[in-house]
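A.B. asks: sequence below, structure please.
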Amino acid sequence: MRQETVNSHIIVIGGGLAGISAAIAAARLGQKVALVHNRPVLGGNSSSEVRVWVCGATGHGVNRYARETGIMGELFIENQYRNPEGNPYLWDVTLLDAVRAEPNLTLFLNTDVREVEAVGELDNRVIRSVTGWMMGSEREITFESEIFLDCTGDGLIGFLAGAAYRIGREARHEFLEDWAPEVADDITLGSTLLFYTKETEKPVRFVAPSFAKDITTTSIPIKRVIRSGDSGCHYWWIEWGGELDTVHENERIRDELWSVIYGIWDYIKNSGEFEADHMTLEWVGSIPGKREYRRFLGDSILTQNDVIAQRSFEDRVAFGGWSIDLHPPQGMYATESGSKHLHMDGIYHIPFGSLYSRNVSNLLFAGRNISATHVAFGTTRVMATCAVMGEAAGVGAALSVMKRITPRELRERYLSELQQTMLRTDASIIGLRNEDVHDLAKKGVVRASSTMKGIWLDNAAQEYRLISDVGLLFPADGEVEGLRILVTARETTQLNIELWDTGRDENYVPANHRQTLIIEVAAGEKQWLDIPADRMLFGDKPCNGFVIVRANEAASLFTSEVPLTGVLAFERGAKPVVSSDLEDHQPDQLVIEWSMRGLVRKPFCFAVETSAYSADKVVSGYVRPYGGPQMWVSEPLVNGRVEWVEVELPERADIREIHLTFNDDVNEDLINLHHHETPFLIIPELVKAYELQAYMDGEWVTVAGDNHNRTRKKIHRFEEPIPSNRIRVVIKETNGSERAEVIEIRIYEDHSIEMKTS
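C.D. replies: Modelled structure (predicted):
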């Protein structure tokens, strides 16, 4: 047996999306990182071995402008370009490439960590090392470091180190959670196996194995959906083990799931109730996708009430948005719906205090094992949310090592630096703004070649009959002027129009009623209808205005052929998400009452004056929509004309680093596998060709650029400083949008401050 010792600044155990994001984040901050994973491929439940969709805060399109940025965002965008068909193996490759691209990161696959050396009293433990066995290589490897991250899902590392944890459901009185049971128990969510099918050119027989279950003798058909054309995550409900120990009885759970999968396939192939003669099994999972096991206890415990109230934690470092999604303990054998969902009004925030152990001083964690109650865990457990928590934990680990302090001390003494470092790397935090004192652009004056000063969507694509209430959201930045909508009336009628705000800046549903207008409409085709809204309706604070047009079967609106950032359209109750055999969505929830599913990139034709897209937005400090789109948008790029935006500094600086953030439309719901296919390889709003110019010696000099950009965040570093007080970004072409859009420009006199600290 070969014995080795590996020394690193940070050890991340677990190569799912939480672990990958944590390892990359820490490595990019100059730390030597070892990523240790017990499988031959990365990705955890999202990998080709398990094949679960990577879901996150968008909730399959329920939440607006909620797709993750940072490392998870990079992975979404890269997979969209490489793998639009959702091939699971190409997703594996995308993850492997991302990890191998980091020079400070060393990957150890097939390495199962089983031993932990920890010292100290129970309330103040410290991990010294962990030891793993590399399967197939006969190598026993001991990993030593200053900080450890448990991203194993099951929480084995923290458990072996003596970290405090919970398993199961808390009692209702403990955190006053409506969805918690009256009495605490050890029930968890169960595990799932998936399978893939495919069509063949000739009939295919299926002879069921002896262990295949006769599902017609079970309760499965009662509240479950079985279709011959479904496969993969459509069968997420093949779940079992919630009443068992999902770790120690993993083999028993797998065998039961196998018996049901082959039983379902026998039913589809041989019952005569389906057209499946030419179908065959392409793949059946062999590793149960676990949903829940240990949840560690941190200085904060995220609860149902925090999630529903969208509590703005002072130490927020990530966000989620998936519904609180809980399943019956009996899983697929339950006679009730396979899941019940409770939605908040938008995204919610996750505190750093939920990402480190309260009693093991150098242990952080991310993924489904964070410090949250069982009910709150019902939303944090989805993988894109696990990934953004992983990035936060990785940044926290890196800063803790740099400063030689514990994660708790980092939260207590350097919280602002933690959050600002994350914002600088485009991490998924909403509602915090850039306050980096080293960013010279914040002190500059911003100018642009042109700015879109008014919204004018008049290129009608399709008539939309007002058979139900509809909503129109737009950025209200100052006075409301020139609000009009394009209407057809088949007879003289009245339109009932209401104006609302969305309450919270991160929300996109009507919250506070501001004004109601009853407007006479003459019979006629495609007429512009003035909406005489109160000019100061929303005050002088930028926000999202929400216009409701009540149902009127005598009238129609029109959808626009051209989408526009910051503008959304909604249908109310047209395609309601209500209780069904498979999913039970609780009633009276605004984000499902006002749906955009049928109107993605199809806003209604309307007009309004606005200053929401002004050039100074590139230094506003926000890098995500928040009370408006928070970006500069030009007039249309017509006849080959270029557009530019520039920052003039108070005085000349020796510039060594410039950050650019382009718009990748975080409203677009992307996914890694096969839930849906987005009709473009690259987000159209992303800038494709640009030049970065500096004004030197009386002329503009190109210092960097890219003619084939397809990413959101671009960092240009210069070995020799650029002496200038004016920096200009010249936009020559987009990936399909008719306007240039830039979210942020940062300018630094030194290479990344966080890199230098290390």
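A.B. asks: quick check: longest strand in the chain by residues?
C.D. replies: Looking across the chain with DSSP state E, the single longest strand is strand 713-734.
A.B. asks: so how far is that strand off the chain centroid?
C.D. replies: 29 Å (C-alpha atoms, centre = their mean, to the nearest Å).
A.B. asks: what of stretch 548-564?
C.D. replies: The answer for stretch 548-564 is 29 Å, by C-alpha atoms, centre = their mean.
A.B. asks: per-domain residue ranges of the chain.
C.D. replies: Domain assignment of the chain by automatic domain parsing yields the ranges 2-167+357-370+384-424, 191-284, 440-450+613-757, 454-609.
A.B. asks: for these, give me CSV that also has mean neighbour count, distance to Pro329 and mean pLDDT.
C.D. replies: From N, CA and C alone the C-beta is placed, and that goes for glycine too. Below are the domains of the chain laid out as CSV (neighbours: other C-beta atoms under 10 Å; distance: least, C-beta to C-beta, whole Å; pLDDT from 0 to 100):
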stretch, mean neighbour count, distance to Pro329, mean pLDDT
domain 2-167+357-370+384-424, 22, 14, 98
domain 191-284, 17, 4, 96
domain 440-450+613-757, 19, 26, 94
domain 454-609, 18, 15, 93
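A.B. asks: next secondary structure after the longest strand of the chain?
C.D. replies: Going down the chain from strand 713-734, the next helix or strand is strand 739-748, by DSSP states H and E.
A.B. asks: where do the helices of this structure begin and end?
C.D. replies: 17-28, 70-82, 88-100, 156-161, 172-175, 250-270, 304-308, 374-380, 383-403, 407-413, 415-424, 590-593, 753-757 (DSSP state H).
A.B. asks: how much space between Glu49 and Met383?
C.D. replies: 14 Å (C-beta to C-beta, to the nearest Å).
A.B. asks: now Val633
C.D. replies: Noted for Val633: a distance of 32 Å to Met383, by C-beta to C-beta.
A.B. asks: Glu583 too?
C.D. replies: Relative to Met383, and taking C-beta to C-beta, Glu583 is found at 19 Å.
A.B. asks: surely Gly263 is in contact with Ser210?
C.D. replies: No - Gly263 is beyond contact range of Ser210, at 11.4 Å (criterion: C-beta atoms under 8 Å).
A.B. asks: tell me which residues touch Met452, please.
C.D. replies: Taking C-beta atoms under 8 Å, 6 or more residues apart in numbering, we find Met452 in contact with Tyr613, Val633, Ser634, Glu635, Arg739.
A.B. asks: check Thr661 too.
C.D. replies: Asp426, Val623, Arg712, Lys713, Lys714, Val742, Ile743, Glu744, Ile745.
A.B. asks: what is the burial count for the first one?
C.D. replies: To tie it back to what came earlier, the one meant is Asp426. 22 (other C-beta atoms under 10 Å).
A.B. asks: how far away is it from Arg728?
C.D. replies: For Asp426 relative to Arg728 (C-beta to C-beta), the value is 22 Å.
A.B. asks: just the third one next, same as before
C.D. replies: Separation of Arg712 from Arg728 (C-beta to C-beta): 20 Å.
A.B. asks: next: Asp266.
C.D. replies: Using C-beta to C-beta, Asp266 is found at 66 Å from Arg728.
A.B. asks: same check on Arg368?
C.D. replies: For Arg368 relative to Arg728 (C-beta to C-beta), the value is 46 Å.
A.B. asks: can you give me the strands in the stretch 351-500 of the chain?
C.D. replies: With DSSP state E, counting those that start in this stretch, the ranges of strands along the stretch 351-500 of the chain come out as 363-365, 445-448, 454-456, 460-466, 470-476, 481-489, 493-501.
A.B. asks: ok, and the closest non-adjacent residue to Arg166?
C.D. replies: Arg295 (5.2 Å; C-beta to C-beta, 6 or more residues apart in numbering).
A.B. asks: actually Arg252, not the one I typed
C.D. replies: Nearest to Arg252 is Leu244, by C-beta to C-beta, 6+ apart, at 7.0 Å.
A.B. asks: now Leu529
C.D. replies: Val487 (4.7 Å).
A.B. asks: for that neighbour, list each beta-bridge partner.
C.D. replies: Gln527 (DSSP bridges).
A.B. asks: please give me every residue in contact with it.
C.D. replies: Leu495, Val521, Lys526, Gln527, Trp528, Leu529, Ala555, Ser556, Leu557.
A.B. asks: surely the third one and Asn459 touch.
C.D. replies: No - contact between Lys526 and Asn459 fails when scored by C-beta under 8 Å: they sit 11.7 Å apart.
A.B. asks: how about the strands in the stretch 501-650 of the chain?
C.D. replies: Using DSSP E, counting those that start in this stretch, the strands of the stretch 501-650 of the chain run over residues 512-521, 524-530, 543-549, 552-560, 568-572, 583-585, 594-595, 606-609, 632-636, 643-662.
A.B. asks: just put those in JSON lines and tack on distance to Met279.
C.D. replies: Formatted as JSON lines, the strands of the stretch 501-650 of the chain follow (distance: least, C-beta to C-beta, whole Å):
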{"stretch": "strand 512-521", "distance to Met279": "53"}
{"stretch": "strand 524-530", "distance to Met279": "48"}
{"stretch": "strand 543-549", "distance to Met279": "46"}
{"stretch": "strand 552-560", "distance to Met279": "38"}
{"stretch": "strand 568-572", "distance to Met279": "35"}
{"stretch": "strand 583-585", "distance to Met279": "25"}
{"stretch": "strand 594-595", "distance to Met279": "33"}
{"stretch": "strand 606-609", "distance to Met279": "47"}
{"stretch": "strand 632-636", "distance to Met279": "48"}
{"stretch": "strand 643-662", "distance to Met279": "44"}
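A.B. asks: among those, which is nearest Leu160?
C.D. replies: Closest to Leu160 of these is strand 583-585 (C-beta to C-beta; 37.2 Å).
A.B. asks: who does the closest residue to Ile157 other than its chain neighbours bridge with?
C.D. replies: Among residues not flanking Ile157 along the chain, Asp150 sits closest, at 4.1 Å (C-beta to C-beta, 6+ apart). Bridge pairing for Asp150 (DSSP bridges) gives the partners Ile13, Phe365.
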